[in-house]
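> using only what follows, build the 3D model:
(chains A and B)
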Amino acid sequence: MDRMTLTGVHATARIVARDDGRGGTSLPVLEGEGPLALRRTRGSGAEARVMVVGAMSGPLGGDRFGIEARVEDGARLGVGSAAATIALPGQGKEEARYDVRLDVADGGELRWLPEQLISARGSDLRVSTRVDVGARGRLVLREEQVLGRVGEEPGRLGSRLTVRVAGRAVLDQELACGPGALGGWDGPAVLAGHRAVGQLVVVRPEFAVEPMAARMLGECAALTPLAGPAVLVSAVAGDALRLRRVLDEALAQLGG
Amino acid sequence: MSRAALLVLADGRFPAGGHAHSGGAEAAVKAGRITGTASLEEYCRGRLHTAGLVAAAFAAAAVLGAEVRELDSAADARTPSAALRGAARRLGRQLLRAARVAWPTAELDALAREFPKGAHQPVVLGVVARAAGLSAQDAAYCAAYECVSGPATAVVRLLSLDPFEATGVLARLTTEVDRVADRAVEAAREVVAGAGVDALPAASAPLMEIGAEWHAGWAVRLFAS
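Here you go, the predicted structure:
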């Protein structure tokens, strides 16, 4: 069960995906906790699909949420979420944390495509996503942050995304925005008034042999090869809908 | 060894090729995001707290003796734009060429042998600062200041901005440069105290990264990056 403390809710959901030996993927571990409920939904082909269902809103200030997923050799896992995650202010002044740890073994494949994270006014959230992919592992990961609900000032949001392939970091990026963030976060070098920012990371062993060339995807998005068998699509947009359109198109161009 | 070496290294006329780069300002000007003194200042401020902090921390860590290959690989991960990784290595190579004449040491020769195509510029800057007898803080200042002086100088040419105004921007940013240099040295100390390169900041600026790829595709441009 989740632990309610004076400062907030502590909850971690866990998923393990395993090759079932019959051309499919089984989920020997599928444990939600507290506000993080997990549902297995209909997959396609060898892929098992899981939906993260938020049973209550949050994270609120002081909450500590976590998701840990491990994809073993030969397993294929797709994870989505039923709705956007909304960071809201808590009763105290403490920040909230959301930590995602993903482990994709050599020969495993993970598609991590959750809905947006929305930073509501007065909230204070630190998100960290750390992915370890084996040398021949495959990954598609999308991360989208929306600063404020419609017409609303954002809260404070700090995020870090780290992707390692075969133990070597190919991507390590932090972004801090909202009130209290260091100067210039909304200026012409960083976000310039855009309220949605997203990244799509694709790791495939074949990129080591045939790296993709960098290219623009419209005015405010670019695809770039990383220093390893991976590419990144980085985008900013006026709102969540436009951001999703750009990232969906990029994903389609990358062959889904 | 002399503290005045810092003036030589930080001088805009030090022949390390920096004048050919705008620090992303050329793309920001063309996109209409830098239009005058106020937006130049905000651009420089955003760059200082992201790329500037990262560069300063890497330079400081190199002075303190962090493993150069690890630093270089960690800099790759913090530079997702392929165009910016290329520019950082070219700048690193040019800096090393000039520095090997200015402060000839075996360590600089070894660095050139290990990275024939150049290592990331802030890492090279740190190793050079060490060869010149400078401290981690000196190197952090040099990196942090360079990351704002580059765009400020470039915008004078790109927008025919009054050079007095551009210098005013740099003067107004000095206390923030102090803070960034302090934070950078703190992070660098953690690295060598055992936390490793993961302790280095990774602050990113999405529009600079995207703008760099856009800029790299232009047929005609004034600056290399």
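
> show me what the residue positioned nearest the centre of chain A is bridged to.
Centre of chain A computed as the mean C-alpha position; nearest residue by CA atoms, centre = their mean is residue A:143, 4.0 Å away. Following DSSP bridges, residue A:143 is listed with bridge partners residue A:199.

> could you name the helices and strands sitting against the helix or strand hosting residue B:147?
If you go by DSSP states H and E, residue B:147 is part of helix B:136-159. Using 3 or more CB pairs under 8 Å, 6 or more residues apart in numbering or on different chains; DSSP states H and E as the contact criterion, the secondary-structure elements in contact with helix B:136-159 are helix B:5-10, helix B:25-30, helix B:37-47, helix B:53-63, helix B:121-131, helix B:163-172, helix B:174-190. For the C-beta atoms, the positions are set from N, CA and C on the backbone; glycine is no exception.

> quick check: the residue nearest to the centre of chain A touching residue A:116?
No - under the criterion of CB atoms under 8 Å, residue A:143 lies out of contact with residue A:116, with a separation of 9.1 Å.

> next, whichever residue of the stretch 151-256 of chain A sits closest to chain B: secondary structure please.
Shortest the stretch 151-256 of chain A-to-chain B distance, computed as CB to the nearest CB: residue-wise this is residue A:184, at 2.8 Å. Following DSSP: H, G, I helix; E, B strand; the rest coil, residue A:184 is assigned to coil.

> count of neighbours near it?
24 (other CB atoms under 10 Å in any protein chain shown).

> one more: the one 10 residues further on?
Residue A:194 has 19 neighbouring residues, counting by other CB under 10 Å.

> contacts only, for it.
For residue A:194, the contacting residues are A:220, A:236, A:237, A:238, B:207, by CB atoms under 8 Å, 6 or more residues apart in numbering or on different chains.

> how about the residues of the stretch 151-256 of chain A that lie near chain B?
Taking CB under 8 Å from any CB of the partner chain as the contact definition, the stretch 151-256 of chain A meets chain B at A:160, A:162, A:168-176, A:182-185, A:187-192, A:194, A:197, A:214-216, A:219-227, A:232, A:234-236.

> buried subset of those?
With neighbours counted using 16 or more other CB atoms under 10 Å in any protein chain shown, those contain these buried positions: A:160, A:162, A:169-176, A:182-185, A:187-192, A:194, A:197, A:214, A:220-227, A:232, A:234-236.

> separation between residue A:100 and residue A:163?
As for residue A:100, its distance to residue A:163 is 12 Å (criterion: CB to CB, to the nearest Å).

> same deal with residue A:102?
From residue A:102 across to residue A:163, the span is 9 Å (CB to CB).

> quick one: which of those two has more around it?
A direct count of neighbours by other CB under 10 Å for residue A:102 and residue A:163 places residue A:163 higher, at 26 against 22.

> torsion angles phi and psi at the more buried one?
Comment: the main-chain dihedrals of residue A:163 come out as phi -120, psi 120, following degrees, to the nearest 10.

> the helices in chain A, which residues?
Taking DSSP state H as the test, the helices found in chain A are A:206-209, A:240-253.

> so which of the ones you listed is the most packed in?
Ranked by average neighbour count under the criterion mean count of other CB atoms under 10 Å in any protein chain shown, these are headed by helix A:240-253 at a mean of 17.

> any idea how far that helix is from the middle of the chain?
Once both centres are worked out by CA atoms, centre = their mean, to the nearest Å, helix A:240-253 turns out to sit 15 Å from its chain's centre.

> which secondary structure elements does that helix contact?
Packed next to helix A:240-253, using 3+ CB pairs under 8 Å, 6+ apart, are strand A:138-147, strand A:196-203, strand A:221-225, strand A:230-237.

> check contacts around the residue nearest to the centre of chain A.
Residue A:143 sits in contact with A:114, A:117, A:129, A:159, A:161, A:198, A:199, A:200, where contact means CB under 8 Å, 6+ apart.

> excluding sequence neighbours, find me the nearest residue to the closest residue to chain A within chain B.
The nearest approach of chain B to chain A comes at residue B:46, 2.8 Å away (CB to the nearest CB). If you skip the residues right next to it in sequence, residue B:46 has residue A:184 as its closest partner in space, 2.8 Å away by CB to CB, 6 or more residues apart in numbering or on different chains.

> surely the one you found touches residue B:49?
Yes - taking CB under 8 Å as the contact criterion, residue A:184 and residue B:49 are neighbours in contact, 5.6 Å apart.
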